[in-house]
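A.B. asks: Dropping a prediction and its sequence here:
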Amino acid sequence: MRIAKIALLMSGLSVLAPTTLPASAQAPTLGKLEVKAYQRIPKTKTAVQLVYDTAMGRELRRNVMDHLAHRGNEVGFSGGNVMQLDVSYLDLLGSGNQGGPTTGGGQQSYDAPGSNPRPDIPGNTVSRRNLTDNPPSRSTLRITLTLYNVEGGKVLWAATTSCATDGNNVQKTGETMIDAIFKDADHNRTADAGCPV
């Protein structure tokens, strides 16, 4: 085997090892959270930005900003550090589409007073056809927070979590997940996401 590798290297071809994702690049399992604290969240001004601007995302951003303010951070929509909030909700059962990049129209139950909601646009829900033989899958809410410094682009802190939920409880589930992240945000850990039963 070693002679074959040397022959391949001499001919200009490289021997590639099988590629695998590092453990740090893999998301935690459903119902778990993972915090990667490359350093403590600095007590500097932090802007919280949404990856996808949805009504539910804005409500969850407010929750994140409250947690940061409680920690002593000045928060806003611009600052020295940026925390990106990615909220994705995959509604497998059509139980109420409340956020994520695939929704269309306004979400009346989450629109703030004075907003200009658009009418709901009918959409295609993702569902299984043979629900009689197999139990239905639950819809999934995933939240990812990434804190980085704007000047150098260095990632300072990251957290990701996911829970099974439904459209009627998705925002409350998201708030519970964010609470679980900030319960001990300064240490690397994998823990229960605090998903409501």
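C.D. replies: That came in fine, so what should we check first? Residues are numbered from 1 along each chain as shown.

A.B. asks: can you pull out the strands in this protein?
C.D. replies: Under the criterion DSSP state E, strands of the chain are mapped to 32-37, 46-50, 75-76, 81-90, 139-149, 155-165, 189-192.

A.B. asks: ok, of those strands, where does mean pLDDT dip lowest?
C.D. replies: Lowest mean pLDDT within those: strand 75-76, at a mean of 82.

A.B. asks: That one - contacts with which helices or strands?
C.D. replies: For strand 75-76, the elements it packs on are strand 46-50, helix 55-70, judged by 3 or more C-beta pairs under 8 Å, 6 or more residues apart in numbering; DSSP states H and E. From N, CA and C alone the C-beta is placed, and that goes for glycine too.

A.B. asks: in the last one, what counts as buried?
C.D. replies: Same thing as helix 55-70. Applying a neighbour-count criterion of 16 or more other C-beta atoms under 10 Å, one finds Ala55, Met56, Gly57, Arg58, Glu59, Leu60, Arg61, Asn63, Val64, Met65, His67, Leu68 buried in helix 55-70.

A.B. asks: how much space between the third one and His187?
C.D. replies: When C-beta to C-beta, to the nearest Å is applied, the distance between Gly57 and His187 equals 26 Å.

A.B. asks: ok so, going back, make a markdown table out of the buried residues of helix 55-70 and add distance to Arg138 and pLDDT.
C.D. replies: Conversion of the buried residues of helix 55-70 to a markdown table gives the following (distance: C-beta to C-beta, whole Å; pLDDT from 0 to 100):
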| residue | distance to Arg138 | pLDDT |
| --- | --- | --- |
| Ala55 | 22 | 92 |
| Met56 | 17 | 93 |
| Gly57 | 21 | 94 |
| Arg58 | 24 | 95 |
| Glu59 | 21 | 95 |
| Leu60 | 19 | 96 |
| Arg61 | 24 | 95 |
| Asn63 | 22 | 96 |
| Val64 | 24 | 96 |
| Met65 | 29 | 94 |
| His67 | 26 | 96 |
| Leu68 | 30 | 94 |
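
A.B. asks: Many thanks, we can stop here.
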